[in-house]
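Q: All I have is the shape, not the residue letters:
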């Protein structure tokens, strides 16, 4: 029997949490209380990976009949994860992990890198999708070429491609990425529009400025938002197809014929920064998930841990009290700056990297200090707190991690 949810005492609207108030940093608690003061809120749900964000906390689910805050969605519109099971086993990849990491980094540009040309051409629905670019409401026409070349690229920060091992000995491919620069550009332009609107003038936090239903500004934002969400979803699928092709090509070129025919399962592809129309408490609502996944009854999803600590494949339980949602990952417990200061030591973090990552195949320079496992909450504890939101299907242990 789960101990959760617990109500946030004194909140302006119904605010239920899957962790206790004392487990949240004070600034984030204040942020939740500020969110709850907005007059357009129906209710808020706080996931166990909650931590401080911009406007809205990371790990929040907001239900409203009439308003969306673009800052509550965030600048990485459509950010999410993808997972595919393979028939590869640890025995087949042992000794090949460094070469496989290089192969993945070759087929999927990481960090600020992008493809030299549009590699999504020929993907089903690609032409129709890109034909909608000219109809975006924000003035981003000059970014079309860049957006085309960033489709199917990883980015940086907490984005990753991993090879993981499940309890049955099979390898999974998992990845985490979003809408790249084009999503950020669209988000920031609409956030600035929202901030300038008169109905937001007296808000306790201008970062929570909203668009209201049945207004041109709301229609324009939702139009661009939905395009960016599709961009992110398509980008993850494209990356996954390129990783699969790269792995198959590697084995084809380097191993005996008995290893050539790698088989891949169905994709699990889901957002965790997005807006959807859903029924909440019997009413049609606009549901904003910022660092949270949809967990309808039977939905499969990936909840990743921190770098190198593994992930969970979960099945949603359709918990209406939790707005059919679940956490999106481990959630930070240290800011990026604090992690870098804590782990740098006298050797630019080499000792901490070796200690925290163990045998995981990964880059090992100081650029990953803010992504090390101890900068994040314990993923097993997050999953345990979510026992009435999702059920674990598989625990995946990371053996290879590609970071931007």
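A: That came through, no problem. Small disclaimer: the values here were computed from a predicted structure and weren't measured. Residues are numbered from 1 along each chain as shown.

Q: what separates the closest residue to residue 90 other than its chain neighbours from residue 23, distance-wise?
A: Counting by CB to CB, 6 or more residues apart in numbering, residue 90 lies nearest to residue 165, which is 5.7 Å off, once chain neighbours are set aside. C-beta here means a position set from N, CA and C on the backbone, and glycine is covered the same way. Residue 165 is 30 Å from residue 23, where distance means CB to CB, to the nearest Å.

Q: Looking at these two, which one has more neighbours?
A: Neighbour comparison, residue 165 and residue 23: the larger count goes to residue 165, with 20 against 15 (by other CB atoms under 10 Å).

Q: beta partners of that one?
A: Per DSSP bridges, the residues bridged to residue 165 are residue 171, residue 397.

Q: still on that earlier bit, how about the residue nearest to residue 90, what does it touch?
A: Residue 165 makes contact with 90, 171, 172, 396, 397, 399, according to CB atoms under 8 Å, 6 or more residues apart in numbering.

Q: Surely the fourth one touches residue 313?
A: Which is residue 396. Yes. Here residue 396 reaches residue 313: they are 6.8 Å apart, a contact under CB atoms under 8 Å.

Q: what residues are shared contacts of these two?
A: 83, 172.

Q: out of the two, which sits in the busier spot?
A: Higher neighbour count among residue 396 and residue 313: residue 396, with 25 against 21, using other CB under 10 Å.

Q: who's in contact with the more buried one?
A: 83, 164, 165, 166, 172, 174, 310, 311, 312, 313.

Q: hmm, back to that, can I get the buried part of the contacts of residue 165 as one ChimeraX selection?
A: Buried members of the contacts of residue 165, defined by 16 or more other CB atoms under 10 Å, are picked up in ChimeraX with:
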select :171,172,396,397,399
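
Q: and which of the contacts of residue 165 is nearest to residue 252?
A: Nearest to residue 252 among the contacts of residue 165, counting by CB to CB, is residue 171 at 16.6 Å.

Q: For that closest one, give its distance to residue 368.
A: Distance from residue 171 to residue 368, by CB to CB: 22 Å.

Q: residue ranges with poor pLDDT in the chain?
A: The chain contains residues with pLDDT under 70 at 1, 256-260.

Q: which secondary structure element contains residue 55?
A: Residue 55 is part of no helix or strand when elements are defined by DSSP states H and E.

Q: pretty sure it contacts residue 207?
A: Yes. Residue 55 lies in contact with residue 207 (CB under 8 Å); the separation is 3.6 Å.

Q: what touches both of these two?
A: By CB under 8 Å, 6+ apart, the residues touching both residue 55 and residue 207 are residue 71.

Q: tally of neighbours for residue 367?
A: By other CB under 10 Å, the burial measure for residue 367, its neighbour count, is 15.

Q: Let's verify it: helix, strand, or coil?
A: Following DSSP: H, G, I helix; E, B strand; the rest coil, we place residue 367 in the helix state.

Q: And it, how far from residue 178?
A: 19 Å.

Q: Let me know the distance separating residue 56 from residue 70.
A: From residue 56 to residue 70 the distance is 10 Å (CB to CB).

Q: Any buried residues in stretch 390-401, and which?
A: Here stretch 390-401 shows 390, 394, 395, 396, 397, 398, 399, 400, 401 as buried, counting by 16+ other CB under 10 Å.

Q: same check, this time on stretch 268-283
A: For stretch 268-283, burial by neighbour count (16+ other CB under 10 Å) applies to 268, 269, 270, 271, 272, 273, 274, 275, 278, 280.

Q: ok, the fourth one touching residue 229?
A: To tie it back to what came earlier, the one meant is residue 271. Yes. Assessed by CB under 8 Å, residue 271 is found in contact with residue 229 at 6.3 Å.

Q: what is in contact with those two at once?
A: Common neighbours of residue 271 and residue 229, counting by CB under 8 Å, 6+ apart, are residue 78.

Q: can you point me to the longest helix in the chain?
A: helix 216-254 (DSSP state H).

Q: how many neighbours does the nearest residue to residue 69 once chain neighbours are set aside have?
A: Of all residues not flanking residue 69 in the chain, residue 210 sits nearest, at 4.7 Å (CB to CB, 6+ apart). A count of neighbours around residue 210, defined by other CB under 10 Å, yields 25.

Q: go on, residue 303?
A: As a burial measure, residue 303 scores 26 neighbours (other CB under 10 Å).
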